[in-house]
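Asks: structure, please.
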Amino acid sequence: MKQQTLAMAADKGFEQFRRPTKRDVFLSTMDKIMPWQELCAVIEPHYPKGEGGRPPVGLERMLRMLFVQHWFNLADEACEEALYDSASLRSFVGIDLGRERVPDATTLLKFRRLLETHHLGQALFAKVGEVLQAQGMKVGAGTIVDATIISAPSSTKNKDKKRDPEMHQTAKGKKNWFFGMKLHIGVDAHTGLAHSAVVTSANVHDKHPLPELLHGDELRVYGDCAYTGQQEVIAEKAPAAKDCTNQRVRKTGDKAEELQRRRNREKSKVRARVEHVFAVVKRLWGFSKVRYRGLHKNATRAFTALALANIYMTRGLLLVKVRP
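Replies: Take a look at the predicted model:
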């Protein structure tokens, strides 16, 4: 244990009337429940050992810095600046300005590229799923599938004078057009946690990644009208599953129409749980717009965001388990 410098002591506060902010409470909670050892073990085989050069920044410290970037939707340089500015963020990452500098934006960039090169975003997402299942949050017999659009800049006012070639446009409704990518997820109907995900360009129809979103042991599959008519696909991947996707309703004005609408409403009471995951990723974590060019880089961000969302959504149960 290193002795604290006066800078660290000042960060922790000589102020008599200081109280914990919402950010302090959030960071303290995530620090307690995050499976740091397991997540570091995923990245450690690929992390530089510092042989024949300057020792690298500690792996857990870089992982904490990456998570701060995700939670507060910060660019690399903005994340560096935030750590210099906020004592609570420095305390979470474990930086004592009296002894060391904040890892710079270039170091964070290289760490992100390490994750992208070795597909470690997907690995972190899978590891979080394993940890949560070990804590008793088992994947159930129902899966909810859905997709959301992540917008990308449609302007050509850039260096290359063209849009990102891996992003495409799609129509939603009759008049609304969007440019970007799609995040397709499979969510457990019981726990509400994401267990699978696929990233595609926005012009890929929701139904095409369906087989990759099912784990195969489902008894029920829920989805909106975009997944209508996929009984054969569901039966091939999950033979025991019942198709509980919403069906399109024809406007006939008779009792059959009202009956189908009622059935759809009952299914939607379960299907609505998928929106909780999207709310965390897009509203809390700010991932409603892409930050990087290309699907691969944004897929790494998406899988990491889903892993953090699963932990955040189970924070109450995890806190109970970590308390002595």
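
Asks: tell me which stretches of the stretch 1-150 of the chain form helices.
Replies: Secondary structure of the stretch 1-150 of the chain by DSSP state H, counting those that start in this stretch: the helices cover 6-12, 22-33, 36-43, 59-71, 76-85, 87-93, 105-117, 120-134.

Asks: and those helices as TSV, adding distance to Ser155, mean pLDDT and mean neighbour count?
Replies: Yep, even glycine has a C-beta here, placed from its N, CA and C like the rest. Below are these laid out as TSV (distance: least, Cβ to Cβ, whole Å; pLDDT from 0 to 100; neighbours: other Cβ atoms under 10 Å):
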stretch	distance to Ser155	mean pLDDT	mean neighbour count
helix 6-12	41	53	14
helix 22-33	33	95	15
helix 36-43	35	97	16
helix 59-71	24	97	21
helix 76-85	21	96	17
helix 87-93	32	95	20
helix 105-117	24	96	17
helix 120-134	27	96	19
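
Asks: any chance of these in JSON lines, plus distance to Arg220?
Replies: As requested, these are exported to JSON lines (distance: least, Cβ to Cβ, whole Å):
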{"stretch": "helix 6-12", "distance to Arg220": "51"}
{"stretch": "helix 22-33", "distance to Arg220": "30"}
{"stretch": "helix 36-43", "distance to Arg220": "31"}
{"stretch": "helix 59-71", "distance to Arg220": "32"}
{"stretch": "helix 76-85", "distance to Arg220": "41"}
{"stretch": "helix 87-93", "distance to Arg220": "40"}
{"stretch": "helix 105-117", "distance to Arg220": "34"}
{"stretch": "helix 120-134", "distance to Arg220": "20"}
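
Asks: measure Lys297 to Leu97 for me?
Replies: Lys297 sits 31 Å away from Leu97, going by Cβ to Cβ, to the nearest Å.

Asks: any buried residues in the top strand by length along the chain, and which?
Replies: Identified as the longest strand of the chain according to DSSP state E is strand 176-188. By 16 or more other Cβ atoms under 10 Å, the buried positions in strand 176-188 come out as 178-188.

Asks: same check on stretch 157-175?
Replies: By 16+ other Cβ under 10 Å, the buried positions in stretch 157-175 come out as 163-164, 166-168, 170.

Asks: name the residues of stretch 186-203 that are buried.
Replies: 186-189, 191-202.

Asks: quick one: Thr245 and Lys267 touch, right?
Replies: Yes: at 7.4 Å, Thr245 and Lys267 qualify as touching, with contact defined as Cβ atoms under 8 Å.

Asks: shared neighbours, these two?
Replies: Residues touching both Thr245 and Lys267 (Cβ atoms under 8 Å, 6 or more residues apart in numbering): Tyr222.

Asks: I'd guess Val221 is in a strand, am I close?
Replies: Yes: assessed with DSSP: H, G, I helix; E, B strand; the rest coil, Val221 lies in a strand.

Asks: re the thing from before, which one's more surrounded, Thr245 and Lys267?
Replies: When Thr245 is set against Lys267 and neighbours are counted by other Cβ atoms under 10 Å, the residue ahead is Thr245, at 25 against 19.
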